[in-house]
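Undergrad: Whatever this is, show me its structure:
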Amino acid sequence: MDEIKEYGQTDLKNNKKHKKIHLLSVIGEIEGHENVASGTKATKYEHVLPQLAQVEDDEETDGLLIILNTVGGDVECGLAIAEMIASLSKPTVSLVLGGSHSIGVPLAVSTDYSFIVETGTMVIHPVRMNGMFIGVPQTYEYFKKIQERINHFVIGHCDIEEKRFMELMTETEVMTKDVGSILVGKQAVEEGIINEIGGLKEAMKKLYELIEGRSKK
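TA: Next comes the predicted model:
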């Protein structure tokens, strides 16, 4: 219970399948190199990375279930978490609940299979920065490189084509006073970003299937 309270993670192991599933929840804002404002719900990347390493190292852990309800956050750290999830040898499944926005998109597609509930949302938009303008060309190039890394990761881990992903990211008529797109449940599946509509029951069932398939191999 302390692990759930402090880190939003626990092990699910009292099941008929006799499998040990590590549950990781990514909620609120993804906190990176700087602390988020006091009172803000956050997922700290320095807590998540060791958990993922433990999942990979623990012979008794059969799979990883990630539950997402995040507004996004630190781009570099969020992408680092997504890369680490994608590199795991254990079967992985993600489930988008309330939302998986911004850098939450790479996190949602980093698993072997992904689900989203019917009312779940995903917000796709370009990398943002605070302030009214970009001061020097080097800063612009830096943000351009980050955006390219995000695009490459997302396109490489789901079925959406690059051209369509860019169209969604640069849409100007959907979000008030902002650039990007909001996809709700079925739309995320139709666009090829998420694999399937479903909830916890479907996500757990799929994860057991992936684990059993891996065991047979």
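Undergrad: immediately after the strand or helix carrying Glu46, which helix or strand?
TA: Following DSSP states H and E, one finds Glu46 within helix 45-57. From helix 45-57 onward toward the C-terminus, using DSSP H and E, the following helix or strand is strand 63-73.
Undergrad: ok, how many other residues are close to Ala215?
TA: Ala isn't right for residue 215; it's Ser. Using other C-beta atoms under 10 Å, the number of residues around Ser215 comes to 10. Yep, even glycine has a C-beta here, placed from its N, CA and C like the rest.
Undergrad: same for the helix holding Glu46, what does it pack against?
TA: strand 21-31, helix 75-86 (3 or more C-beta pairs under 8 Å, 6 or more residues apart in numbering; DSSP states H and E).
Undergrad: ok, longest helix in this protein?
TA: helix 137-156 (DSSP state H).
Undergrad: that older thread, among the helices and strands packed on helix 45-57, which is nearest Gln54?
TA: Nearest to Gln54, of all the helices and strands packed on helix 45-57, is strand 21-31, at 7.9 Å by C-beta to C-beta.
Undergrad: on that earlier part again, any chance of the helices and strands packed on helix 45-57 in a markdown table, plus mean pLDDT and distance to Val48?
TA: Output for the helices and strands packed on helix 45-57, formatted as a markdown table (pLDDT from 0 to 100; distance: least, C-beta to C-beta, whole Å):
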| stretch | mean pLDDT | distance to Val48 |
| --- | --- | --- |
| strand 21-31 | 90 | 7 |
| helix 75-86 | 93 | 5 |
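Undergrad: So for Arg214, which of these sits nearest?
TA: strand 21-31 (13.2 Å).
Undergrad: Show me which residues of that closest one are buried.
TA: For strand 21-31, the neighbour count (16 or more other C-beta atoms under 10 Å) marks 21-31 as buried.
Undergrad: tell me the angle of that strand relative to helix 45-57?
TA: 160 degrees (axes from the mean of the first three to the mean of the last three C-alpha atoms, to 10 degrees).
Undergrad: OK, contacts around the residue nearest to Gly180 when sequence neighbours are not counted?
TA: Distances taken as C-beta to C-beta, 6 or more residues apart in numbering place His125 nearest to Gly180, at 2.9 Å, with adjacent residues excluded. Residues near His125 by C-beta atoms under 8 Å, 6 or more residues apart in numbering: 102, 169, 175, 178-181.
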